[in-house]
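Enquirer: quick one, what's the 3D model for this:
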Amino acid sequence: MSAGTPGAGSPAPVAMPSAGADAIRSAAAAGGGQAGGELGAGRDGTDARALLAYGALGLPLAFAALPIYVHVPRLYADGLGLSLAMVGAVLLAARILDAVTDPLIGWANDRLPRRRLWIVLALPALAAGMLGLLAPPAGAGAGWLFALLVAVSLAYSVATIAYNAWGAEVASTPDARTRFVASREGFALAGVVLAAALPGVLAAGEGEAAGLARLAWAFLPLLLVFGVWTLWRAPAPPQLAGADAPVWAGLRGALGEPGFARLLAVFAANGIAAAIPSATVLFFVADVLEAAQLAGLFLVLYFIAAAASLPLWVRVSQRVGKLRAWLAGMVLAVAVFAWAGLLGSGDVVAYGVICVLSGLALGADLSLPPSLLADLIAQGRRGERAKPLEAGACFGWWNFVTKANLALAAGLALPLLALLGYAPGARDAAAVAALAGVYGFAPLVLKLAAIVLLWRWRQAIEPGHTRPGPLPRSRRGKEDRLKRGEGA
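Expert: So this is what the prediction gives:
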């Protein structure tokens, strides 16, 4: 599957171990100081405490997102008896309605650019909605699913758009923007790993529905602790004057900037490729690999590999540029995931390898596109682009595309599987082959399209990219002596 939940991922399968926590700290520090990425102040003066405090809210937000896109379809189809076609239709309708509101939320954020205030208002609604969605009353049907999906997604959007805009505005240099995004996505991956691993643990042998209900209650203290950490300790975003453009003019202005429009198109193609496996991974593991008991392990492998790869992608982006680093991640994802559709019953080791390597590729998808967007926003405000860009409007469209991708994946892939004769628990060869084909091969075409578009539009998205070479040895030695106070 994809980690379309924390951000935009590449296709593949979703208590954070200490290795994962170390990866988060490394991701936050990567890109600062010397090439070693030591934890401490970066070249722009941003220290690790500020990076970690900003990134903290990413954990509960991602924790909330994964069950919505991975576990909810199975919960309402298997646990409450709704048909796959009905669940897919409800997901599609809710995602479309919710996605349409995201640009409006972004516009409202620019009218009142008080990022912390928006987050404070959204988090209680998100907590209440998660309880209702993951612990539904007996007899809850399609109407309950639709209403709770819309409520949770609206609260999630308000918090996420303000949070992402905050990160884009608080960093002053391109490298700092990458570090803030890496910190946020590192915490997000920790949240995804927790959300992937806990349902089985919390179920305690009582079934998936019991585990998800307890997961909803476990979400509340996580949201409180990590939310307060970010709101209280993260560096304050700059005080900006509210935008005064009318709704459509403000939203259209963002799409009118060629670099943003093209980056958004690549993000969309890449995101749909990621969302199809995300919506079908649990069915694939259960009915193609016949290893449902290992689903949580596969997800944990995938996301821990992604977290561990964040420092790597930050450093690669410093060497070759963010766009080329993202392109390399996409190529790696295609080369690895092309084999997933060929797997069959019992191929759990091979699938585990695919999960790990796809997770490495996911790190590029999570850290680099939002950093490219933050660079575009900064360039627009400095007058280096044809039109200025407002962070709220840009991230509103960004969320719109993310949710439209997930809506199309769930709303088309699940009914398509039903049309092809697949139903959960199927053992018919043709039905299982249909599931393997939709899961493994359909995303590759879209991923290849994203690669072509990113390369074709590279000058509009990241114009005139140059990176300074390393200092000559004599000059570097002289600068090091000066820093130590030893004179020239």
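Enquirer: in contact with the residue lying closest to Tyr54 once chain neighbours are set aside, which residues?
Expert: What sits nearest to Tyr54 in space, not counting adjacent residues and going by C-beta to C-beta, 6 or more residues apart in numbering, is Ala234, at 4.1 Å. For glycine as for every other residue, the C-beta is placed from the backbone atoms N, C-alpha and C. Residues near Ala234 by C-beta atoms under 8 Å, 6 or more residues apart in numbering: 50, 53-54, 56, 166, 170.
Enquirer: how about 7 Å then?
Expert: By C-beta atoms under 7 Å, 6 or more residues apart in numbering, the contact set of Ala234 is 50, 53-54.
Enquirer: pLDDT below threshold where in the stretch 251-400 of the chain?
Expert: Filtered on pLDDT under 70, the stretch 251-400 of the chain yields the residue ranges 251, 381-388.
Enquirer: try 80
Expert: Within the stretch 251-400 of the chain, the stretches with pLDDT under 80 are 251-254, 279, 296, 380-392, 399.
Enquirer: show me where it has its strands.
Expert: For the stretch 251-400 of the chain, strands defined by DSSP state E, counting those that start in this stretch do not occur.
Enquirer: quick one: the residue nearest to Tyr54 from Gly58, how far?
Expert: 11 Å (C-beta to C-beta, to the nearest Å).
Enquirer: what's the overlap in contacts for those two?
Expert: In contact with both Ala234 and Gly58: no residue, using C-beta under 7 Å, 6+ apart.
Enquirer: any idea how far the residue nearest to Tyr54 lies from Pro73?
Expert: The separation that Ala234 has from Pro73, given C-beta to C-beta, amounts to 34 Å.
Enquirer: do the same with Leu61
Expert: For Leu61 relative to Pro73 (C-beta to C-beta), the value is 20 Å.
Enquirer: give the burial count for the nearest residue to Val201 once chain neighbours are set aside, as a bare number.
Expert: In this structure, Val201 finds its nearest non-sequential neighbour in Gly211, 7.5 Å apart by C-beta to C-beta, 6+ apart. Neighbour count for Gly211, taken as other C-beta atoms under 10 Å: 21.
Enquirer: do the same with Ala325
Expert: Quick note: Ala325 (other C-beta under 10 Å) scores 23 neighbours.
Enquirer: could you do Leu420 as well?
Expert: So Leu420, with other C-beta under 10 Å, has 14 neighbours.
Enquirer: surely it and Leu435 touch.
Expert: No - Leu420 lies out of contact with Leu435 (C-beta atoms under 7 Å); the separation is 8.1 Å.
Enquirer: residues in contact with both of these two, list them for me.
Expert: Contacts common to Leu420 and Leu435, judged by C-beta under 7 Å, 6+ apart, are absent.
Enquirer: sorry, back to before: where's the residue nearest to Val201, which helix or strand?
Expert: helix 208-233 (DSSP states H and E).
Enquirer: output the contacting helices and strands for that helix.
Expert: Here helix 208-233 touches helix 48-55, helix 58-66, helix 115-134, helix 174-203, going by 3 or more C-beta pairs under 7 Å, 6 or more residues apart in numbering; DSSP states H and E.
Enquirer: got a list of what the spatially closest residue to Ser183 that is not a sequence neighbour touches?
Expert: Excluding the flanking residues, the one nearest Ser183 by C-beta to C-beta, 6+ apart is Gly55, at 3.2 Å. For Gly55, the contact set (C-beta under 7 Å, 6+ apart) comprises 28, 183-184, 186-187.
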